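Colleague: fold the following for me, if possible:
(chains A and B)
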Amino acid sequence: METAVTKTGTEGKIWGGGNKPLSSSYGKLMMWFFILSDALTFSGFIAAYGFSRFKFIDSWPIADQVFNHFPFLHGVDAPMYYVAFMTFVLIFSSVTMVLAVDAGHQLKKQKVAVYMFLTIIGGIIFVGSQVWEWKNFIKGEYGAVETKGGQILQFLDKDGHRVALADFAASIPGSRVQHESKNGIWFSSEGDLPSYSIEEIKKGFAEHKDLLVRTQVLTEDGQKTVLSREASLAKLNKDGKLVVEGANLIHNEYGTRLFANFFFFITGFHGFHVFTGIIINVIIFFNVILGTYERRKSYEMVEKVGLYWHFVDLVWVFVFTFFYLV
Amino acid sequence: MAHDTTAHQHESHTGRIWKVFGILSLVTIVEVFFGIWKPEFMDARFLTMKLLNWFFIILTLYKAYLITWAFMHMEGETKGLRRSVVWTGIFLICYLIFILLTEGDYIYEVFKGGYKSWDF
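Modeller: Okay, the predicted model is just below:
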């Protein structure tokens, strides 16, 4: 199959540029160059994640306790299922992509168009799912307290179930109000205040005698340490400093700050790849519909964008393993 | 090579594609199943890592192999192209992982040794 460029008149002349290095067309070779370098970028991210994880090997958040949401099952503990669904969507969109490439080899325009369309739909479902996952992650569910040293304290009842801050926080009237720019000396304002102040949490915790504190530290059998009632009170009153609800790049209620940072960067970078992949797929889809490749008698462009799309799937396989499984 | 022949002579590979899809799905289901089950006998450690985690990583590499070979059609490329992509990647990534994980483990030991206070 020829490349997309017009003929140069050097076909067959080895020293005139007529031979293909590695029997591969220029476009495909360049796509492989790009994929390899992009793979190294992703490895850099994932290896850095591994570095931070090894650094905090005995206090890293447990994925099952963070990603346990499923649509329409509010409050049900459903670890893994949603991300497994996302993985299936992406693998399936890879399958439709490779079917499109296969149909392209046989110059079946209609089939290529249908499979490309399905691939685009799969990509959109995947990105949408990722947005939903981010929304849950950023919003948080229970809230936690950060200590002076940046450690996260979470709250449990005596059965070991998580308790939300709203369920036990005391109400102290007249505590801190949001600072607005109209009250400032110059135009300054502050970010959203948490719903409760640390004093309200401390007071509420003291009043609810059955509550316990769970720290970040992992025990021998890989579970988070739950302190006794006395130790919980002492820890919260002595070290508790900041109320954290949900996650951002500076604080997160799930544990080590780096966990949220890497989650945002790696899944975000991957999501960006999926997004660009969808856009390129749409362009190629319209080219197929318009018959560009039909006239060219070559569907190699579909093959090249297919390589990129499979690469995105390949990266997700690793992200899935290192964020959700291991 | 397959793409050197004229386009009309290409035979369809749909059978193989669906087979690979079946294997990939099966492996993912096994992973999710083990991720929820977390069997105790896989808590044993090999090279400081749990057997369960090794199991996941090996299955992941197997999936990566299938995607690259079957879907990205690496099996149809020349040996030269295959090796220059795969070995370059594998060598550099292994090197990076080795360096960073060793360093991460060292910092963990420093924290643990009490040279720096962090849990307060």
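
Colleague: what about the residue in chain B that chain A sits nearest to, which helix or strand?
Modeller: Closest to chain A within chain B is B:Gly104: 3.1 Å, counting by Cβ to the nearest Cβ. For every residue, glycine as well, the C-beta is placed using N, CA and C. Secondary structure from DSSP states H and E places B:Gly104 in helix B:79-112.

Colleague: helices or strands up against that helix?
Modeller: helix A:26-55 (3 or more Cβ pairs under 8 Å, 6 or more residues apart in numbering or on different chains; DSSP states H and E).

Colleague: going on from the helix it packs on, what's the next piece of helix or strand?
Modeller: Helix A:26-55 is succeeded, C-terminally, by helix A:63-66 (DSSP H and E).

Colleague: now do that next one, average pLDDT.
Modeller: Here helix A:63-66 scores 89 as its mean pLDDT.

Colleague: list the buried residues for that helix?
Modeller: Within helix A:63-66, the residues that qualify as buried are A:Ala63, A:Asp64, A:Gln65, A:Val66, counting by 16 or more other Cβ atoms under 10 Å in any protein chain shown.

Colleague: in the stretch 101-250 of chain A, what spans have low per-residue confidence?
Modeller: Scanning the stretch 101-250 of chain A for pLDDT under 70 picks out A:174-176.

Colleague: ok, which stretches of chain A are strands?
Modeller: A:144-147, A:152-156, A:212-218, A:224-226, A:240-244 (DSSP state E).

Colleague: I'd like those strands laid out as CSV, including distance to A:Asp58 and mean neighbour count.
Modeller: Shown next, in CSV, are these (distance: least, Cβ to Cβ, whole Å; neighbours: other Cβ atoms under 10 Å in any protein chain shown):
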stretch, distance to A:Asp58, mean neighbour count
strand A:144-147, 17, 23
strand A:152-156, 14, 22
strand A:212-218, 5, 19
strand A:224-226, 10, 16
strand A:240-244, 21, 19
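
Colleague: enumerate the residues of the stretch 151-300 of chain A near chain B.
Modeller: A:Gln151, A:Thr215, A:Val217, A:Asp221, A:Gly222, A:Asp239, A:Lys297, A:Ser298, A:Tyr299, A:Glu300 (Cβ under 8 Å from any Cβ of the partner chain).

Colleague: helix, strand, or coil at the most centrally placed residue in chain B?
Modeller: Closest to where the C-alpha atoms of chain B average out (Cα atoms, centre = their mean) is B:Leu61, at 2.5 Å. In three-state terms, and counting by DSSP: H, G, I helix; E, B strand; the rest coil, B:Leu61 is helix.

Colleague: how about stretch A:164-174: buried residues?
Modeller: A:Leu165, A:Phe168, A:Ala169, A:Ala170.

Colleague: what separates that stretch from the chain centre, distance-wise?
Modeller: Centroid displacement of stretch A:164-174 relative to its chain, using Cα atoms, centre = their mean, to the nearest Å, is 32 Å.

Colleague: next: stretch A:271-280.
Modeller: 14 Å.

Colleague: now do it, average pLDDT.
Modeller: 97.

Colleague: chain B versus A:Met80, what's the distance?
Modeller: Between A:Met80 and chain B the distance is 5 Å, computed by Cβ to the nearest Cβ, to the nearest Å.

Colleague: wouldn't that residue be in contact with B:Val32 here?
Modeller: Yes: counting by Cβ atoms under 8 Å, B:Val32 is a contact partner of A:Met80 at 5.3 Å.

Colleague: excluding sequence neighbours, find me the nearest residue to A:Leu314.
Modeller: B:Ile67 (4.9 Å; Cβ to Cβ, 6 or more residues apart in numbering or on different chains).

Colleague: before we move on, back to that, turn the buried residues of stretch A:164-174 into JSON lines, including distance to B:Ile90.
Modeller: Shown next, in JSON lines, are the buried residues of stretch A:164-174 (distance: Cβ to Cβ, whole Å):
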{"residue": "A:Leu165", "distance to B:Ile90": "47"}
{"residue": "A:Phe168", "distance to B:Ile90": "52"}
{"residue": "A:Ala169", "distance to B:Ile90": "52"}
{"residue": "A:Ala170", "distance to B:Ile90": "57"}
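
Colleague: quick one: which of those is nearest chain B?
Modeller: For the buried residues of stretch A:164-174, the nearest to chain B is A:Leu165 (21.9 Å; Cβ to the nearest Cβ).

Colleague: so what's the nearest residue to the closest one once chain neighbours are set aside up against?
Modeller: Distances taken as Cβ to Cβ, 6+ apart put A:Gly143 closest to A:Leu165, at 3.7 Å, once the chain neighbours are dropped. By Cβ atoms under 8 Å, 6 or more residues apart in numbering or on different chains, A:Gly143 lies in contact with A:Ala164, A:Leu165, A:Ala166, A:Pro194, A:Ser195, A:Tyr196, A:Val243, A:Val244, A:Glu245, A:Gly246, A:Glu253.

Colleague: please repeat the previous calculation with a cut-off of 7 Å.
Modeller: Neighbouring residues of A:Gly143 by Cβ atoms under 7 Å, 6 or more residues apart in numbering or on different chains: A:Ala164, A:Leu165, A:Val243, A:Val244, A:Glu245, A:Glu253.

Colleague: quick one: contacts for the second one?
Modeller: Think A:Leu165. A:Tyr142, A:Gly143, A:Tyr196, A:Ile201, A:Val243 are the contacts of A:Leu165 under Cβ under 7 Å, 6+ apart.

Colleague: run the last query once more with 10 Å
Modeller: A:140, A:142-145, A:155, A:194-196, A:200-201, A:204-205, A:243-245, A:253 (Cβ atoms under 10 Å, 6 or more residues apart in numbering or on different chains).

Colleague: before we move on, what about the third one?
Modeller: Taking Cβ under 10 Å, 6+ apart as the contact definition, A:Val243 lies against A:143-146, A:165, A:169, A:193-201, A:251, A:253.

Colleague: could I get the pLDDT score of A:Gly12?
Modeller: 69.

Colleague: then A:Pro21?
Modeller: Predicted confidence (pLDDT) for A:Pro21: 81.

Colleague: same thing with the one 5 residues further on?
Modeller: The model reports A:Tyr26 with a pLDDT of 87.

Colleague: since we're on it, how many residues are nearby?
Modeller: 13 (other Cβ atoms under 10 Å in any protein chain shown).

Colleague: just checking, it touches A:Trp32?
Modeller: No: between A:Tyr26 and A:Trp32 there is no contact under Cβ atoms under 10 Å: 11.0 Å.

Colleague: wait, what's in contact with the residue of chain A found nearest chain B?
Modeller: Closest contact between chain A and chain B, by Cβ to the nearest Cβ, is at A:Phe54 (3.1 Å). With contact set as Cβ under 10 Å, 6+ apart, A:Phe54 has these partners: A:Trp60, B:Thr48, B:Leu100, B:Leu101, B:Thr102, B:Glu103, B:Gly104, B:Asp105, B:Tyr106, B:Ile107, B:Tyr108.
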